[in-house]
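1. show me how the following folds:
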Amino acid sequence: MKTIIYLLITLISQICFAQKTDTIRVFNYLKVGDSWELTIKREKEFSLLYYNSYLSNGIVTSGTLEISDSSIRFICDTSKIKNKRLLNGNLKKFTNIPFILSGDTFRKQNKLFVPRNINFNVNNLLEITTGIYARYYRGDGYGNYSIELNKDGTYKFIEQSCLTRIEENGTWKLSDSIISFQPDNKNKSMLDWITENRKLILVDEHLVGKKVERKVTTKQKVTFKETYNFMAKEPVYKEEIQTN
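-> Predicted structure coming up:
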């Protein structure tokens with residue numbers, strides 16, 4: 001009888017502890033001049049980490065959130081930001097960081113924070129095309145990923161650096177803002193590097209891969225870390241649009 005009672009108490013304790021879950025959302029953005037990682041905890045607070053050799057890498061700031069069904073704002077004390085260059089309005093031509101720090105409103109789509117797809121447009125020669133058919137990319141200039149969605153339902157995924165170039169081909173289908181990919185080689189795919197189940201989420205001018213990591217602490221608290229890897233739609237020259 002004592003054994004049964006002990007087992008019941010143990011089971012109830014495990015269930016109670018297992019219900020103490022916490023979700024951390026990490027938004028990883030990687031473009032030349034606009035590389036950063038924004039972490040949201042408990043839908044209440046955030047921290048911002050940036051990657052930029054010119055501005056030096058590191059934690060920019062942390063703060064709180066204002067969230068509605070369709071928008072999100074990041075609230076922080078800018079007086080505590082050590083690198084004041086990050087607050088320069090001119091940087092808005094290159095990166096999302098000053099928009100985040102100044103408390104600008106960002107849209108939410110499919111429950112995700114939607115960064116601005118910022119491209120430095122010299123002489124106004126570039127344009128983002130409408131529609132899903134385009135080339136999307138992420139990278140810091142040293143190593144880059146790109147995926148091209150074609151109208152015939154095929155795709156091309158390329159990983160390129162100064163030392164190598166790897167290409168993957170296959171087909172894709174769109175359903176409820178989720179793009180599912182079927183590589184020609186069914187045994188492996190480069191998509192597994194940035195997402196799970198070979199699916200990407202269509203969010204405004206981005207394709208977003210989602211990877212989930214589950215951890216259990218010594219106190220049986222479950223933590224889920226959701227990492228969202230953004231691929232931005234690449235602009236094209238206006239002359240190319242007119243030609244096509």
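2. could you use CA atoms for every contact and neighbour count after this?
-> Noted.
3. Thr39 should be in a strand, yeah?
-> Yes - counting by DSSP: H, G, I helix; E, B strand; the rest coil, Thr39 is part of a strand.
4. for Leu207, grab the count of nearby residues.
-> Neighbours of Leu207 under the rule other CA atoms under 10 Å: 24.
5. in contact with it, which residues?
-> Leu207 sits next to 136, 200-201, 230-233 when contact means CA atoms under 8 Å, 6 or more residues apart in numbering.
6. could you do Lys111 as well?
-> With contact set as CA under 8 Å, 6+ apart, Lys111 has no partners.
7. distance-wise, check it relative to Lys92.
-> 24 Å (CA to CA, to the nearest Å).
8. same question for Lys219.
-> Using CA to CA, we find Lys219 at a distance of 44 Å from Lys92.
9. do the same with Ile100
-> Noted for Ile100: a distance of 10 Å to Lys92, by CA to CA.
10. compare the two (neighbour count), which wins?
-> Neighbours per residue, other CA under 10 Å: of Ile100 and Lys92, the larger number sits with Ile100, 20 against 17.
11. where does the more buried one land in three-state SS?
-> With three-state DSSP as the basis, Ile100 sits in helix.
12. do Leu91 as well
-> For Leu91, the assignment made with three-state DSSP gives helix.
13. you'd agree it is up against Pro98?
-> Yes - counting by CA atoms under 8 Å, Leu91 touches Pro98, with 6.7 Å between them.
14. the more surrounded of these two?
-> Neighbour tally, Leu91 and Pro98, criterion other CA under 10 Å: the higher count belongs to Pro98, 19 against 16.
15. list the buried residues of stretch 124-136.
-> Within stretch 124-136, the residues scored as buried using 16 or more other CA atoms under 10 Å are 126-129, 132, 134-136.
16. let me have those residues in CSV, extended by pLDDT and secondary structure.
-> Below are those laid out as CSV (pLDDT from 0 to 100; DSSP: H, G, I helix; E, B strand; the rest coil):
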residue, pLDDT, secondary structure
Leu126, 79, strand
Glu127, 88, strand
Ile128, 89, coil
Thr129, 87, coil
Ile132, 95, coil
Ala134, 96, coil
Arg135, 96, strand
Tyr136, 97, strand
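17. what's the farthest-apart pair in these?
-> Leu126 and Ile132 (17.4 Å; CA to CA).
18. low-scoring pLDDT stretches of the protein, where are they?
-> Residues of the chain that meet the criterion pLDDT under 70 lie in 1-20, 52-58, 122-123, 218, 239-244.
19. how about the helices of this structure, start to end?
-> For the chain, the helices defined by DSSP state H occupy 2-18, 97-101, 238-243.
20. who does Ile67 form a beta bridge with?
-> For Ile67, the beta-bridge partners are Ile72 (DSSP bridges).
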